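[1] task: produce atomic coordinates for the following.
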Amino acid sequence: MSRLGTAMAVAGIELFLSLGVASAQETGSERLTLDDVLGLSVKSSPVASLSGETIAWVVEERGRRNVWVASPPSAARQLTSFEEDDGMLISRLTFSPDGAWVVFQRGGRVNSKGEVYNPRQLPDPAENALWRVPARGGMAEPFERGNVGSVAFGSDGRLFFARGAEVWERPFPEGEAKRLFTIRGSASSLAPSPDGGKLAFVSDRSHYGRGTYSFVGVFDLADRSVRYVFPNVEMDREPRWSPDGSRIAFVRVPVEPKSYRFTDYRNAVPWSIVVGDPETGEGEVIWTADEGDGSAFHGTRGGSLHWVSGRLVFPWEKTGWSLLYSIPARGGEPRLLTPGEHEVSSVAVDASRGDVVYSSNFGDVERWHLFRVSAEGGAPTQLTSGASVEQDFSLLPNGDVVFLEEHSDAPSRIVVLGSAGERTTVSPPPSAATEAVFARFEAPEVVSFAAPDGLRIYAHLYRPPGRLRSSAQPAFVYAHGGCHSKSDPVFRSHFREGLFQYLVSRGYFVLVVNFRSGTGRGLAFREPPRYGGRGAEEIQDLVAAASYLASIPEVDTSAIAIGGWSCGGHMVTNALARHSALYAAGVSYAGVGDWRVEMEMDSGDVLPFRISRRMELEDLAFESSGVSHMDTWTSPVLFVHGDNDLQAAMWPTIEMTHLLRRKGVPAETLIFPGEDHGFFLQENRVRMLSRVWEFLERHLGQGAVSDERSAR
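    A predicted model of the protein is given here:
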């Protein structure tokens, strides 16, 4: 489509949506419009300057992503002015050491061919570039073009960045970049030493096809030497300097050669922690996980190794739950810091106090809240609670915590929590229009039901307002993306929670299922013996979901649909293929349809097993995929896919579409050229949710689609 054609199409959609708003207002209807939910802004996790005086975060609104800052008590302000819906992401947000500049990367992900995400099909190649903007306000500008990887500031203000096998430095804010050194493999995890004289990094050697392993290296800026610390045959990762810079610690994770995506990771060759000498390269393993539960490494957001007051803090699943432990940096027995049956999700350290701040679902398994505990041990202190979720946060130098507070029926906020418990909201107050939209949102309730094998499954149920309920309401079941992920009961995404609220306002029940293989409920739940390509046992959780909805008197059991994104798309195609009698229709967003294809994408080749074993694994993966059960698939489906999807292959979508059409089953497609796995272009989200709504209404037989169509 030409640029003019695209502009006309967008204008037509916007006119349609704006008329839908007017129609709702004129009739006094409480129904949400697509423009309501797609017009809401989404905030990212905040970061703070080293002084703690300024806080920055990213706001996305109608596809436009911009950096905001606040310097309490001054009001927050928008720092950048990107006004196009171009799908370009803002990431790696940080401050220069003096706090005068905000630095970030802007662009899209790079595929295996080296092409950068370009969903608008712009004639010139897109790129990832490093940008800078004065923290007090001014013009944002790119200062380092090209596909930049890891980025880190040294204590003296120099900026280091990786580009493939090369590591570069440049004076900041002005000066020319120069290459420091080139290594084998790819460089990442740049970590300058406290005195600025050395630079630690990870050299990943896996790209040569000669084995999966990596080294932690140290580059001496004075004599330009590279030294690897205690190299071995594992994946060495997350280098961490001691406070005085005399030692370096890192995580060592064995990767078994005969492993694949669905290898049983309830236990493995135990992972370990190494402490080494950056001057000599000598090192030793100071701790190794016990065999059994917790022997396979499972990390946390914000890093999985922290040097605090002479101790190393790390997560371990020894008890079957991802909890925090600490150990003396010289070695010794680990000390449990966060006892109980819960999971630690994100971690940051307050080095001045010797404390660790972390998010956990302790006491509220469906929500993440913030806690603080000493690295030496003692009873943790809970910092936040309630119906919100606090998972993304940073620490200020004085020990205050700045975090993203997310809600199901109110806008998210950036909040600073003081040492005495005082709370200050630093993000700007929402507009009256935004508050009016959230006021019509329905808060979900946590429900549970038993799967056919007896496992208790939890879900979030959104009920339509009482005035909209009758004896025959449609229902929509949603399966989250990322098999090892979780749906939280808050508004976080337009095409997920935004769609849920849109459907609920039109009389739908929505059930969001946290199926087995997800996180938050311990190792046994996250790594069931036959999930995904090893047996698809999690599909029975969706059988149970349909049965649960059937127990609600107002639900029409003949009008239950299912939708899911990514791994959730695997759930959709399997549910429709095996249980079309339960689900009248389905929507697969960027879904997985054939685990064989995904496993080959993981390894870049055929599975590394002898032929008989490979055939056994591939047969099981095929049998575990929706594409192998096409004979019993009778329900209509809508496939939504971007053709620059780096995580879910197009092949299974193509194959299933043709097979279904040959047998007369309605198989509709909505394909976005150049779009990514996450559907980052707002224009595409508008088209997607419009099409999903029409599809559901046509195939569930409700007939209510006319209320938006008539507005055209």
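
[2] per-residue pLDDT, residue 206?
    Note on residue 206: pLDDT of 87.

[3] can you map out the strands along the stretch 551-700 of the chain?
    Applying DSSP state E, counting those that start in this stretch to the stretch 551-700 of the chain gives strands spanning 555-565, 585-589, 637-642, 667-672.

[4] isn't residue 567 right next to residue 487, touching?
    No - if you go by Cβ atoms under 8 Å, residue 567 and residue 487 don't touch, sitting 11.9 Å apart. All C-beta spots, glycine's among them, are computed from the backbone N, C-alpha and C.

[5] what touches both of those two?
    residue 480 (Cβ atoms under 8 Å, 6 or more residues apart in numbering).

[6] residues contacting stretch 182-194, please?
    With Cβ under 8 Å, 6+ apart, stretch 182-194 has contacts from 149-155, 158, 160-162, 164-167, 198-208, 214, 217, 226, 237-241, 243-245, 278.

[7] show the buried residues in those.
    Buried members of those, counted by 16 or more other Cβ atoms under 10 Å: 149-154, 158, 160-162, 164, 167, 198-205, 214, 217, 226, 237-241, 278.

[8] contacting residues for residue 359?
    So residue 359 contacts 344-346, 368-371, 390-391, 393 (Cβ under 8 Å, 6+ apart).

[9] make that residue 236, sorry
    202, 213-216, 229, 250-253, 274.

[10] now, the most widely separated pair of those residues?
    229 and 253 (15.3 Å; Cβ to Cβ).

[11] settle it for me: which of those two has more neighbours?
    residue 229 (25 against 22; other Cβ atoms under 10 Å).

[12] tell me the confidence at that one?
    98.

[13] so who does the nearest residue to it once chain neighbours are set aside touch?
    Once flanking residues are discounted, residue 229 sits nearest to residue 276: 3.8 Å by Cβ to Cβ, 6 or more residues apart in numbering. The neighbours of residue 276, taking Cβ under 8 Å, 6+ apart as the test, are 216, 229-230, 247-250, 282-284.

[14] please, a ChimeraX command that selects the buried ones among the residues you listed?
    Of the contacts of residue 276, the buried ones go into a single ChimeraX selection, burial set by 16+ other Cβ under 10 Å:
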select :216,229,230,247,248,249,250,283
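
[15] residue 593 reaches residue 626, doesn't it?
    Yes - using Cβ under 8 Å, residue 593 is in contact with residue 626, at 5.6 Å.

[16] which neighbours do the two have in common?
    With Cβ under 8 Å, 6+ apart, residue 593 and residue 626 have common neighbours 570, 573, 656.

[17] as CSV, these with neighbour count would be great.
    Formatted as CSV, those follow (neighbours: other Cβ atoms under 10 Å):
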residue, neighbour count
570, 30
573, 28
656, 26
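
[18] show me where the stretch 351-500 of the chain has its strands.
    Counting by DSSP E, counting those that start in this stretch, the strands of the stretch 351-500 of the chain are 355-360, 369-374, 381-382, 389-395, 401-406, 413-417, 423-425, 445-450, 456-462, 473-479.

[19] quick one: contacts of the second one?
    Where contact means Cβ under 8 Å, 6+ apart, the residues beyond strand 369-374 that reach it are 324, 337-338, 350, 353-363, 379-386, 389-390, 393, 401, 403, 417.

[20] tell me where the model's unsure across the stretch 551-700 of the chain.
    603 (pLDDT under 70).

[21] gap between residue 181 and residue 240?
    21 Å (Cβ to Cβ, to the nearest Å).

[22] next, count neighbours for residue 143.
    Residue 143 has 18 nearby residues by other Cβ under 10 Å.

[23] pretty sure it sits against residue 131.
    Yes - using Cβ under 8 Å, residue 143 makes contact with residue 131 at a distance of 7.0 Å.

[24] residue contacts, residue 227?
    So residue 227 contacts 217-218, 220, 278-281 (Cβ under 8 Å, 6+ apart).

[25] helix/strand/coil for it?
    For residue 227, the assignment made with DSSP: H, G, I helix; E, B strand; the rest coil gives strand.

[26] isn't residue 640 up against residue 589?
    Yes - using Cβ under 8 Å, residue 640 is in contact with residue 589, at 4.7 Å.

[27] quick check: neighbours shared by the two?
    679, 688.

[28] what separates residue 304 from residue 503, distance-wise?
    38 Å.

[29] same thing with residue 196?
    54 Å.

[30] circling back: got CSV for the strands of the stretch 351-500 of the chain, with mean pLDDT and distance to residue 644 too?
    Supplementary listing: these in CSV, determined by pLDDT from 0 to 100; distance: least, Cβ to Cβ, whole Å:
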stretch, mean pLDDT, distance to residue 644
strand 355-360, 97, 32
strand 369-374, 98, 36
strand 381-382, 98, 43
strand 389-395, 96, 27
strand 401-406, 98, 28
strand 413-417, 97, 32
strand 423-425, 95, 38
strand 445-450, 97, 36
strand 456-462, 98, 31
strand 473-479, 97, 23
